[in-house]
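>>> give me the fold of what follows.
(one chain, ligands or ions: 1)
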Amino acid sequence: MTDRKAQLAANLAHVEERISAACAATGRAREEVTLIVVTKTYPASDVRLLAELGVRHVAENKDQEAGPKAAESADLPVSWHFVGQLQTNKVRSVASYADVVQSVDRVKLVTALSTAAVRAERELDCLIQVALDAESGERGERGGVAPDGIEELAAKVAEAPGLRLGGLMTVAPLAGPYAGREQAAFERLMEFASSLRKAHPAANMVSAGMSADLEQAVAAGATHVRVGTAVLGVRPRLG
Ligand SMILES: *Cc1c(COP(=O)(O)O)cnc(C)c1O
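Next up is the predicted model:
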């Protein structure tokens, strides 16, 4: 085994232990939580090693990086999640490789994703990104729709050809009432997820938690955690 593979294996084992412990602590079955490894800034060779180590879900946040990486990894049995802020001019590219778009936060994006998915003859799972710190009608600084916009956006996704409504996603806010209160933030997201499921029973994905706060996300009930640094290492600073 190469040094890099051994390092990734050790990091993955540690993250796996953390997820298992968090599940056990809250009486959840380990299978209720899916690990998504965020590979941004790391090369396609790492995606290949991760796939060999059993990782089946990877995520990226920039199309210009994700597109070539997904193309190089086309033979691997991994699903690609797009988790970054998405401009409509990138949608056609993203729809060609992404299986899940976790950052849907405006109607214009739903329309563009639907057109692109239909054209590519693909079905995209879409999560609505919720900005827990955004005021009514606004979008959050790190993307995401304000909570009072979830319902309208969910209805649009649900009726859009080529798209499936998967559920909700959030990034713990750095500012506002939930700053430093990750678990409270994730519990709030779970409340929104429960009400969403009343109208859309199949929309049962809840994506929350990263390297620093995956325990809080699992405790709150997240079905998907997105972990970068804890598996791949601290990202080199860009720019
Ligand atoms: C980078 C990123 C992650 C992973 O963050 P880490 O702290 O490295 O685990 C998760 N979600 C999103 C949306 C990201 O951009």
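
>>> quick check: end-to-end length of stretch 214-232?
Taking Cα to Cα, to the nearest Å, the first and last residues of stretch 214-232 lie 15 Å apart.

>>> right, is that stretch up against the ligand?
Yes - on the criterion Cβ under 6 Å from any ligand atom, stretch 214-232 is in touch with the ligand at 226-230. All C-beta atoms are positioned from the backbone trio N, CA, C, and that covers glycine.

>>> now that stretch: how far from the chain's centre is it?
A distance of 10 Å separates the centroid of the chain from that of stretch 214-232, by Cα atoms, centre = their mean, to the nearest Å.

>>> and it, what's buried?
Residues of stretch 214-232 classed as buried by neighbour count (16 or more other Cβ atoms under 10 Å): 214-228, 230-232.

>>> repeat that for stretch 87-100.
For stretch 87-100, the neighbour count (16+ other Cβ under 10 Å) marks 90-98, 100 as buried.

>>> in JSON lines: those residues, plus pLDDT.
What follows is the buried residues of stretch 87-100, written out as JSON lines (pLDDT from 0 to 100):
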{"residue": "Lys90", "pLDDT": "98"}
{"residue": "Val91", "pLDDT": "98"}
{"residue": "Arg92", "pLDDT": "98"}
{"residue": "Ser93", "pLDDT": "98"}
{"residue": "Val94", "pLDDT": "98"}
{"residue": "Ala95", "pLDDT": "98"}
{"residue": "Ser96", "pLDDT": "98"}
{"residue": "Tyr97", "pLDDT": "98"}
{"residue": "Ala98", "pLDDT": "98"}
{"residue": "Val100", "pLDDT": "98"}
